[in-house]
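Student: turn this into a model:
(chains A and B)
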Protein chains: 2
Amino acid sequence: MKFGGTSVASIERIRNVAQHVKREVDAGHEVAVVVSAMSGKTNELVGWAAEASPLHDAREYDAVVASGEQVTSGLLAIALQAVGIQARSWQGWQIPIRTSDAHGAARILEIDGGEIIKRFAERKEVAVVSGFQGVSKDTGRITTLGRGGSDTSAVAIAAAIRADRCDIYTDVDGVYTTDPRVVPKAKRLEKVAFEEMLELASQGAKVLQVRSVELGMVHNVRVFVRSSFDKPEDIDAHANHPPGTLICSEEEIVEQQVVTGIAFSKDEAQISVRQVQDKPGVAAAIFGPLAEANINVDMIVQNVSEDGATTDLTFTVPAADYMRAKETITKAKDAIGYTRLDTATDVAKVSVIGIGMRSHAGVAAQAFKALSARNINIRAITTSEIKFSLLIDAAYTELAVRTLHTLYGLDA
Amino acid sequence: MKFGGTSVASIERIRNVAQHVKREVDAGHEVAVVVSAMSGKTNELVGWAAEASPLHDAREYDAVVASGEQVTSGLLAIALQAVGIQARSWQGWQIPIRTSDAHGAARILEIDGGEIIKRFAERKEVAVVSGFQGVSKDTGRITTLGRGGSDTSAVAIAAAIRADRCDIYTDVDGVYTTDPRVVPKAKRLEKVAFEEMLELASQGAKVLQVRSVELGMVHNVRVFVRSSFDKPEDIDAHANHPPGTLICSEEEIVEQQVVTGIAFSKDEAQISVRQVQDKPGVAAAIFGPLAEANINVDMIVQNVSEDGATTDLTFTVPAADYMRAKETITKAKDAIGYTRLDTATDVAKVSVIGIGMRSHAGVAAQAFKALSARNINIRAITTSEIKFSLLIDAAYTELAVRTLHTLYGLDA
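Tutor: Numbers count the residues shown, from 1 in each chain, chains lettered A, B, ... in the order given. Purely as a prediction, here's the structure:
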């Protein structure tokens, strides 16, 4: 069971979390709990570190920010004991959750879940684990896994204790076919395959951290996204299908939809590099300097050149990096060798995702037709095995998402 | 160097602390730093633990509250690096500071200072140690040393690294002959012997925690109390006598005053048990139940009985415990066997302290005479080798303290 920052934002909410845990224990389940810092706390700590020095030592940053989860795990253990559940808090270094020493973005290397399993078996003691943190295997210093890392902690702990399921309690009650604020008819998905969730998560659905989904896929940990605001007493802990979305392997999804969901991202900027030489090394000349500048390039589109000599290359970057990206490419003009830069900042990316696409032809073609009927111009297209993404004018985002949502039969 | 909560209450103050440390390092000194939590933080954490459950697990309480010092040590390490000083934070479990598992009031068992010494020698890396905390030798869980425990941490670390001195930076600039708010002529003491400081600290001078003074005495760590609000740049790090008070062994104090200081405490209540049997077991019958009720008895006065049959026994308790103490003694009336209880709540204890008393007769007699001349009635007297305490009506506290301060030549 994993509870995020808003679910533990006050002592009252921590008590509510304790009731969720008690319900599961009372139903005979063996559980471990992973918690984030109280919401707002991590930002406060990050702010202090930045104020102490803008260029701070990542190891000290980690020691400072990891304290937020330490507080919550101790408080939840206290709240659990108060309702008669045996519980103890575990810091990353106590289990230990051994990680790389990439401070601020550490990778989990190994977790021994033996003690947690043993204590539950022997005395029904619930482990309350501080999320987001670990301890460097080499140096013994506190590490953090990066923003949203508590999801990753939860899935990793679930794998280590060979859990049947990893329940992520969050402020939404599952994964939707698209953002319900844009499409009121969006419906909650019962099940999503790991691969689809990866695309949904990285394409802008903010329910789960991408890394945690990857980890779930690799270790085959079924991840269940559910609401922490449901009243604990209204939930049947024995139910096979409590409200929520199960992220699982493809095989577990009997009736696979062609399209599972539609993700979108508005904070995109487009840069088109015109008439570059169509020869080896040009892409490297463009994307090397961008990588060095730490700019995350998203879509990349390069067409087959008409004349065999020059071609156009289009890519997108987060809107926040637009100015820096443009500057970087302008500086590298001689090395790249292009005639013109065309750029646009008011663009959005809409992605259609579904494992069923693999066996269904013409899925994208339907989209092109439907959008065309709405007079929505498609600026660029990229595709992969289980999704395709379209770059359009940002003003049409909502219309495009709604159109596609209806087109693929996702409306509730 | 130890910095308390008010000295690290904001990032600006933490930067000021970094300047103090830099000054010492630049002067060629090898230093380690111990820090408390930002002021107010420990109270916030304690409040949350109490809100989660009034009867909380002390082990979880420790995990929660120890996080405050973790934050400060990381932030100070960052601030030190920002001014060009090599530094790293150390949590109790990292050094480790091994303690008993008396959570909330753990005793330090052992500290290996080798790594701290080595790192300073090899790369001038300043250790920034989280005060107040350690790790249980038996269970590996986080422990805390109890309120004010950072002073104890500092002296213990100083002993472990064989420091020449342990500088306690605080919001006062030293130890005074008495409270300057009561006696404006009170003067700062250059040097105080450990034994005297123990009496001053436990008699109500709130500069240092008693345990840290005991530890300093046992390991012969010279403790220097000084102000953290002095401007770092105004201090000569090479000076033999920066402003402050050195707490050291008696031998180091060449010219020992007869009386070093006067302490007082107003929150006292007096209970006199009249005509108890003058026989073995009576004191136990009175103080046993009080100890069980966790009431801290301070002065105990029993006079030699006049008739060899019955005697009066007087003791004091903190005013906050007065009602409970009275109730406890009333309940135990049959077991104790007394005729009457006389009690008073408006009483104060004034203590006169000085190692020189050992070799000077008549020190207390001077006090009795001087107070009598002021018409101040003495309710009870206790004496030890280096101090005597007087119980008087609380209304006369300030007058008595001023009178004695002048009497023993302490006025500046």
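
Student: could you report the pLDDT at residue A:204?
Tutor: In this model, residue A:204 is scored at 67, pLDDT.

Student: which bits of chain A sit near chain B?
Tutor: Applying Cβ under 8 Å from any Cβ of the partner chain, we find that chain A lies next to chain B at A:11, A:14-15, A:45, A:48-49, A:51-53, A:55-57, A:59-64, A:66-68, A:70-71, A:73-79, A:81-82, A:88-89, A:91, A:93-94, A:140-142. Backbone N, C-alpha and C define where each C-beta goes, glycine included.

Student: in helices only, show me these.
Tutor: In this view, these that belong to helices under DSSP state H are A:11, A:14-15, A:45, A:48-49, A:51-52, A:59-64, A:67-68, A:70-71, A:73-79, A:81-82.

Student: what is the burial count for residue A:55?
Tutor: The burial count assigned to residue A:55 is 8, neighbours taken as other Cβ atoms under 10 Å in any protein chain shown.

Student: residue contacts, it?
Tutor: Neighbouring residues of residue A:55 by Cβ atoms under 8 Å, 6 or more residues apart in numbering or on different chains: residue B:82.

Student: restricted to buried residues, select the residues of chain A next to chain B in ChimeraX.
Tutor: What follows is the ChimeraX syntax selecting those of these that are buried according to 16 or more other Cβ atoms under 10 Å in any protein chain shown:
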select /A:11,14,15,45,48,49,51,52,53,56,57,59,60,61,62,63,64,66,67,68,70,71,73,74,75,76,77,78,79,81,82,88,89,91,93,94,141,142
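
Student: quick one, phi psi at the residue of the stretch 201-350 of chain A found nearest chain B?
Tutor: Sorted by distance to chain B under Cβ to the nearest Cβ, the residues of the stretch 201-350 of chain A start with residue A:232, at 16.5 Å. The phi and psi values for residue A:232, taken as degrees, to the nearest 10, are phi -50, psi -40.

Student: mind checking the SS state of the residue at the greatest distance from the centre of chain A?
Tutor: Outermost residue of chain A with respect to the C-alpha centroid, by Cα atoms, centre = their mean, is residue A:307; its distance is 41.6 Å. Following DSSP: H, G, I helix; E, B strand; the rest coil, we place residue A:307 in the coil state.

Student: could you report the separation of it from residue A:277?
Tutor: From residue A:307 across to residue A:277, the span is 11 Å (Cβ to Cβ, to the nearest Å).

Student: would you mind measuring the gap between the ends of stretch A:381-388?
Tutor: Terminal residues of stretch A:381-388 lie 7 Å apart, using Cα to Cα, to the nearest Å.

Student: so what touches that stretch?
Tutor: A:195-196, A:199, A:203, A:299-301, A:351-355, A:357-358, A:363-364, A:367, A:389-391.

Student: tell me the domain ranges of chain A?
Tutor: The record's domain split for chain A, according to automatic domain parsing, is A:2-251, A:261-407.

Student: okay, the ones you listed, which one's buried deepest?
Tutor: Taking mean count of other Cβ atoms under 10 Å in any protein chain shown as the contact definition, the stretch among these with the greatest mean neighbour count is domain A:2-251, which reaches a mean of 21.

Student: could you dump the domains of chain A into CSV and include distance to residue B:190?
Tutor: Output for the domains of chain A, formatted as CSV (distance: least, Cβ to Cβ, whole Å):
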stretch, distance to residue B:190
domain A:2-251, 36
domain A:261-407, 57
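
Student: so for residue B:374, which of the ones you listed sits nearest?
Tutor: Closest to residue B:374 of the domains of chain A, according to Cβ to Cβ: domain A:2-251, at 53.2 Å.

Student: test my guess that residue A:164 contacts residue A:222.
Tutor: Yes - applying Cβ atoms under 8 Å, one finds residue A:164 in contact with residue A:222, separated by 7.1 Å.

Student: for residue A:344, phi and psi?
Tutor: Taking degrees, to the nearest 10, you get phi -150, psi 140 for the backbone angles of residue A:344.

Student: and the helices in chain A?
Tutor: According to DSSP H, chain A carries its helices in the segments A:11-26, A:41-52, A:58-65, A:67-82, A:114-123, A:149-160, A:194-202, A:210-219, A:282-292, A:322-331, A:333-336, A:363-373, A:397-407.

Student: what is the fourth one packed up against?
Tutor: In other words, helix A:67-82. Taking 3 or more Cβ pairs under 8 Å, 6 or more residues apart in numbering or on different chains; DSSP states H and E as contact, the helices and strands that helix A:67-82 lies on are helix A:11-26, strand A:32-35, helix A:41-52, strand A:87-90, strand A:126-130, helix B:41-52, helix B:58-65, helix B:67-82.

Student: can I get the ones you listed in CSV including mean pLDDT?
Tutor: Rendered in CSV, the data for these read as follows (pLDDT from 0 to 100):
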stretch, mean pLDDT
helix A:11-26, 96
strand A:32-35, 98
helix A:41-52, 94
strand A:87-90, 98
strand A:126-130, 98
helix B:41-52, 94
helix B:58-65, 96
helix B:67-82, 98
